[in-house]
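K.L.:
kindly generate the corresponding structure for this input.
(chains A and B)
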Amino acid sequence: MKSLHAQHHPLADSGYQLTVLTQADVEGAQLLPFAARLRETGLLPLRPTGIRVMQINVGKMCNQTCRHCHVDAGPDRTEIMTRATMQLCLDALVQTDIQVVDLTGGAPEMNPDFRWFVEQISALGRQIIVRCNLTIIVANPKYYDLPQFFARHGVQVVSSLPHFSALRTDAQRGEGVFAKSIKALRLLNEAGYGAEGSGLSLDLVYNPSGAFLPGSQAALERDFKQRLLREHGIVFNNLLTITNLPISRFLDYLLESGNYASYMEKLVLAYNPAAAANVMCRSTLSIGWDGQLYDCDFNQQLDLPVEERAPQHIRDFNLAALNNRAIVVNQHCYGCTAGAGSSCGGATT
Amino acid sequence: MEKSTYYNPADLSKFGNISEWQPELGRKFFEYYAEVFKEGALTEREKSLIALAVAHAVQCPYCIDAYTSDSLQKGADEAQMMEAVHVAAAIKGGAALVHGVQMMNKAKELSM
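P.N.:
Next up, the predicted model:
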């Protein structure tokens, strides 16, 4: 499967995505603007509560082309962070006491400077999260030692596994992905990941494989733990439930399948003020592959940079100015505020 | 174009409207309903699968839509959902067949 970008698909244009998202009337349903909903609940303008996580997207290159990918990542994407931009991130990091660096992509491991970057962050004593798609570990011999590399640097591994059944996982992430993911999880377990007392944390990410919201995080975690242990002998720490946001490839799926209006309605009806107060953009700064600054990875993919009064690029990093910015919101933000809330760390309420 | 069926999927989201003409009984029903589906001795997912099976047994299209969606949301997979439908089918089929004993009894009673 090609990325929307490679297909020259209209939805590869973020401006067009925003046009679709901001329609006032969707099949007869009036969708209240998200900003208005925030105002009603006393949260507009949405302000940071203090940046605690630096999330860095080191490139859109990926060995998979998942049907719900909000990055539109894939083997045909060439955008990649350079070592010079990584150095700017490190320069910014040393100016702060930000303790968590969250590396994402694409498959972040495919960036040729990925290991160098991890080593540098590790030397600064910061906690590192790598959003690993699992299959990369078994994709090529040069990645086989990733579990040991992660373990050496105490990296927290966060990996997508949409379901404990092959059918639902492969439907979302591609034929054969489930079997490869299980193989990679075994290798991570062998390296100590997920084992009690090892200090090596392995979290799994659940995204619904369709036009519905995630169920209870605690209940799903229990099911995943039982099934993965019983059927595959695999252990992990936490399951993080993440709602699919209606952008990029998931938006394409929603429109193609005729589910867009009902999904948006579902998100809007499930708006939860407590989740809105806890959205991850209040404590996270997102950095694009080219060093541009964003409020979150979703805004990044929609080309919605941080508000113009704040520093726009990592080379101009200024923590105080960024902590005073107003967060940019749009209709897709309903995804993070529906039900129990959604963030890169799972449910927020 | 006018629909050629009594059922309209859009009516599912109007379920709450039944309280309009009898608020007190409606309130009691929905309170009970919400309580029934909370996690208890059974998980929410197990209850959703039971509801899905019952929806097929009572042949309620609204309930089938609602509990297909709910089962997916609760993390059930296709195999679990279809097994639930087979449970409903087995009970419905069994219910018909077990009455065969009554038929046999009656036939024997009437026969020489």
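K.L.:
residue contacts, the residue nearest in space to the middle of chain B?
P.N.:
In chain B, the centroid-proximal residue (Cα atoms, centre = their mean) is residue B:55; its distance is 2.1 Å. Residue B:55 makes contact with B:63-64, B:66-67, according to Cβ atoms under 8 Å, 6 or more residues apart in numbering or on different chains. In this view, the C-beta of every residue, glycine as well, is placed from N, C-alpha and C.
K.L.:
please apply the same query to residue A:304.
P.N.:
A:14, A:18, A:294-295, A:328, A:330.
K.L.:
out of the contacts of residue B:55, who has the most neighbours?
P.N.:
residue B:67 (26 neighbours; other Cβ atoms under 10 Å in any protein chain shown).
K.L.:
surely residue B:62 and residue B:7 touch.
P.N.:
Yes: the pair residue B:62 / residue B:7 is scored as a contact, 7.3 Å apart, by Cβ atoms under 8 Å.
K.L.:
regarding chain B, what is its longest helix?
P.N.:
For chain B, the helix that runs over the most residues, judged by DSSP state H, is helix B:78-110.
K.L.:
now that one: average pLDDT?
P.N.:
For helix B:78-110, the mean per-residue pLDDT is 96.
K.L.:
what of stretch A:113-126?
P.N.:
98.
K.L.:
may I see the buried residues of that stretch?
P.N.:
For stretch A:113-126, a neighbour-count test (16 or more other Cβ atoms under 10 Å in any protein chain shown) marks A:113-114, A:117-118, A:120-122, A:126 as buried.
K.L.:
from these, pick the one nearest residue A:154.
P.N.:
residue A:122 (7.3 Å; Cβ to Cβ).
K.L.:
return the residues in contact with that closest one.
P.N.:
Residue A:122 neighbours (Cβ under 8 Å, 6+ apart): A:128, A:153-155.
K.L.:
report the separation between it and residue A:55.
P.N.:
17 Å (Cβ to Cβ, to the nearest Å).
K.L.:
which ones are touching residue A:207?
P.N.:
Counted by Cβ under 8 Å, 6+ apart, residue A:207 has contacts A:68, A:160, A:162, A:172, A:214, A:242-244.
K.L.:
by neighbours, which of those residues wins?
P.N.:
Neighbour-wise, those (other Cβ under 10 Å) top out at residue A:244, 27 neighbours.
K.L.:
what about it, is that helix, strand or coil?
P.N.:
coil (DSSP: H, G, I helix; E, B strand; the rest coil).
K.L.:
please report phi then psi for the nearest residue in space to residue A:188 that is not next to it in sequence.
P.N.:
Spatial nearest neighbour of residue A:188, chain neighbours left out: residue A:147 (4.9 Å); criterion: Cβ to Cβ, 6 or more residues apart in numbering or on different chains. For residue A:147, the backbone dihedrals (degrees, to the nearest 10) come out as phi -60, psi -40.
K.L.:
again with residue A:132
P.N.:
phi -100, psi 130.
K.L.:
which residues touch it?
P.N.:
Taking Cβ under 8 Å, 6+ apart, one finds A:107-109, A:146, A:150, A:157-159 in contact with residue A:132.
K.L.:
beta-bridge partners for it, please?
P.N.:
In this entry, residue A:132 is beta-bridged to residue A:159, by DSSP bridges.
K.L.:
give me the neighbour count for residue B:111.
P.N.:
6.
K.L.:
and it, how far is that from residue B:104?
P.N.:
Taking Cβ to Cβ, one finds residue B:111 at 10 Å from residue B:104.
K.L.:
quick one on the thing from earlier: so does the longest helix of chain B get close to chain A?
P.N.:
Yes: using Cβ under 8 Å from any Cβ of the partner chain, a contact is recorded between helix B:78-110 and chain A, made by B:78-79.
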